[in-house]
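**Q** Build me a structure from this.
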Amino acid sequence: MMPTSTFDAFIRPPATAETVGLPHGGAFHLLADAADTGGALGANRLTLTTGANGAAPHYHARSTELFYILDGTMEFYLDGQVTTVGAGGLVVVPPGLPHAFGAAPDTTADLLIVLTPGIDRFDYFRHLARIQHGQEHFDTLLPEQDRYDVHFLPGINWR
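**A** Below is the predicted model:
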C-alpha cells in the first residue's frame, strides 16, 4: 500500500509567484509557504545584486535551511567560518547553526532556498523588504522571531 500524503501536489507556475523587490535591485520570489505544502517546507528564490547581503547572522531553532546556488557566487557565514560557494553548489544548514549569507563582492547571485519543516514565512519576507526600503525599523521584526523561527544574532560582523 502506498503511503498517503498530508497535502495535495502543489504547483506554482512562474507567472504566479509573488515578487517582493529589494532596494538594491534584488528580489524575493515567493514560491511555496508552509500552508501550501501541509507544513512540509517553504521555498523562495532570492536574487541579489553584486555583493548584496542576503541575511544578517541568525539561526533557526526548528528548521533546516537548504541553499542551491543557481547562478553567481555566494558567501556563507557558518558558525564562525566564511565559505564561498559558486553556481551549482549546495549548502545545508541544520537547526541551531548560526549563519548569514550574501552575494560575493564581485558577483550577483541567484539562489533557491528551502526550509523544512515549513513555517509560514511569506509575511517575514515582505516585512524584511519594508525594512530594507526604510518603511519600517528592524526592531519591528524582533517580536516575530519565534513566529518565523528566525532568531537574530546581533554583534556578529561577518563581512
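
**Q** and the lengthiest helix in the chain, what does it pack onto?
**A** Longest helix of the chain, by residue count under DSSP state H: helix 122-132. Using 3 or more CB pairs under 8 Å, 6 or more residues apart in numbering; DSSP states H and E, the elements in contact with helix 122-132 are strand 18-21, strand 27-32. Where you see a C-beta, it was placed from the backbone N, CA and C, and this is true even at glycine.

**Q** Turn those strands into JSON lines, including mean neighbour count, mean pLDDT and distance to Glu144.
**A** Shown next, in JSON lines, are these (neighbours: other CB atoms under 10 Å; pLDDT from 0 to 100; distance: least, CB to CB, whole Å):
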{"stretch": "strand 18-21", "mean neighbour count": "14", "mean pLDDT": "97", "distance to Glu144": "16"}
{"stretch": "strand 27-32", "mean neighbour count": "20", "mean pLDDT": "98", "distance to Glu144": "16"}
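
**Q** After the longest helix of the chain, which helix or strand is next?
**A** helix 145-148 (DSSP states H and E).

**Q** sorry, back to before: want to throw the helices and strands packed on helix 122-132 into CSV with distance to Phe138?
**A** Formatted as CSV, the helices and strands packed on helix 122-132 follow (distance: least, CB to CB, whole Å):
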stretch, distance to Phe138
strand 18-21, 17
strand 27-32, 17
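
**Q** Low-confidence ranges, this protein, go.
**A** 1-5 (pLDDT under 70).

**Q** From Val85, how far off is the residue positioned nearest the centre of it?
**A** Nearest residue to the geometric centre of the chain (CA atoms, centre = their mean): Ile113, 5.4 Å. Applying CB to CB, to the nearest Å, the value for Ile113 to Val85 is 13 Å.

**Q** what do you get for His137?
**A** Taken as CB to CB, the span from His137 to Val85 is 32 Å.

**Q** quick one, strands of this structure?
**A** Per DSSP state E, the chain carries strands over the ranges 18-21, 27-32, 42-48, 53-59, 64-78, 81-86, 90-93, 99-103, 109-116, 151-152.
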